[in-house]
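1. Structure for the following, please:
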Amino acid sequence: MSTSLKRLLAASLVLGPTTGFLAGRLTAPDTGDGPVLRELAQQRALLEEHLARAEAPPPEVRCAVAAPTGSTVDAQWLRTELAQVLREELALHAGAPDAAPRPPPSSEPPARSLTAHQDGLQVVDRAISARRWTTEDAAALRRVLPDMTASQRTEVIRHLLTTLNSNTLEVQTQGPPF
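-> As a prediction, this is how the structure comes out:
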């Protein structure tokens, strides 16, 4: 191959892609970056303005303060007045008897709550034996929950939730399970 042919081939290998790139850049449609670049320039100017304000020394503030005079509040007198008001308020509230004496809390829950507790446990146990929790089961449990004490309610709900979390019951309810 002759040297002039080699030079022509080398020139076309270099100039071909370069010419194609330049032609593509010149004929490419506008991407619409102009408004974005203008907005970025505005944001940069605002940021620089805020930074300049933050770095500037704070303005000097002068305020007039009255010199203490003989008419200041006497701290001892204020303590005495406050103590007197507190004593009066405490006497009013301590001397007020309750409307009715409260009976001591019973350690045994009422019979109605015991029945509701047993009914709630039976609803859950029936569902466990049927291996499904239905809307009727949820409604039955909702009916008896208000009659239980807080600890009984916690026990029944814990029993149900433990069973539900172990995936031994198929939940067939719409909405909350209890």
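
2. helices and strands of this protein: which one has the lowest mean pLDDT?
-> Among the helical and strand segments of the chain, the one scoring lowest on mean pLDDT, DSSP states H and E is helix 75-95, with a mean of 83.

3. I'd like the next helix or strand past it.
-> Following helix 75-95 in sequence order, the next helix or strand is helix 111-130 (DSSP states H and E).

4. what about that next one, distance to the chain center?
-> 36 Å (CA atoms, centre = their mean, to the nearest Å).

5. buried residues in that helix?
-> 113, 116-117, 119-121, 123-124, 127 (16 or more other CB atoms under 10 Å). Every residue, glycine included, has its C-beta placed from N, CA and C.

6. That helix packs against which elements?
-> With contacts taken as 3 or more CB pairs under 8 Å, 6 or more residues apart in numbering; DSSP states H and E, helix 111-130 sits against helix 135-144, helix 150-165.

7. which residues sit against that helix?
-> 109, 133-134, 137, 140-141, 144-149, 152-153, 155-156, 159-160, 163, 168-169 (CB atoms under 8 Å, 6 or more residues apart in numbering).

8. what angle separates that helix from helix 150-165?
-> Inter-element angle recorded for helix 111-130 and helix 150-165: 10 degrees (by axes from the mean of the first three to the mean of the last three CA atoms, to 10 degrees).

9. Compute the inter-axis angle for helix 111-130 and helix 135-144.
-> Using the same axes, to 10 degrees: helix 111-130 against helix 135-144 is 160 degrees.

10. please renumber so the chain begins at 38
-> I'll keep to 38 as the first residue from here, and by that count the last item is helix 148-167.

11. As PDB, could you dump the C-alpha coordinates of helix 148-167?
-> Extracted C-alpha coordinates of helix 148-167, given in PDB (Å, rounded to 0.1, in the frame of the first residue of the first chain):
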ATOM      1  CA  ALA A 148     -69.500 -11.900  88.400                       C
ATOM      2  CA  ARG A 149     -70.400 -10.200  85.100                       C
ATOM      3  CA  SER A 150     -66.800  -9.700  84.200                       C
ATOM      4  CA  LEU A 151     -66.000 -13.400  85.000                       C
ATOM      5  CA  THR A 152     -68.800 -14.500  82.700                       C
ATOM      6  CA  ALA A 153     -67.700 -12.200  80.000                       C
ATOM      7  CA  HIS A 154     -64.100 -13.400  80.400                       C
ATOM      8  CA  GLN A 155     -65.200 -17.100  80.000                       C
ATOM      9  CA  ASP A 156     -67.400 -16.200  77.000                       C
ATOM     10  CA  GLY A 157     -64.500 -14.400  75.300                       C
ATOM     11  CA  LEU A 158     -62.100 -17.400  75.900                       C
ATOM     12  CA  GLN A 159     -64.800 -19.800  74.500                       C
ATOM     13  CA  VAL A 160     -65.200 -17.700  71.400                       C
ATOM     14  CA  VAL A 161     -61.400 -17.800  70.800                       C
ATOM     15  CA  ASP A 162     -61.300 -21.600  71.600                       C
ATOM     16  CA  ARG A 163     -64.200 -22.400  69.200                       C
ATOM     17  CA  ALA A 164     -62.400 -20.500  66.400                       C
ATOM     18  CA  ILE A 165     -59.200 -22.400  67.100                       C
ATOM     19  CA  SER A 166     -61.000 -25.700  66.900                       C
ATOM     20  CA  ALA A 167     -62.700 -24.600  63.600                       C
END
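
12. Alright, calling it a day.
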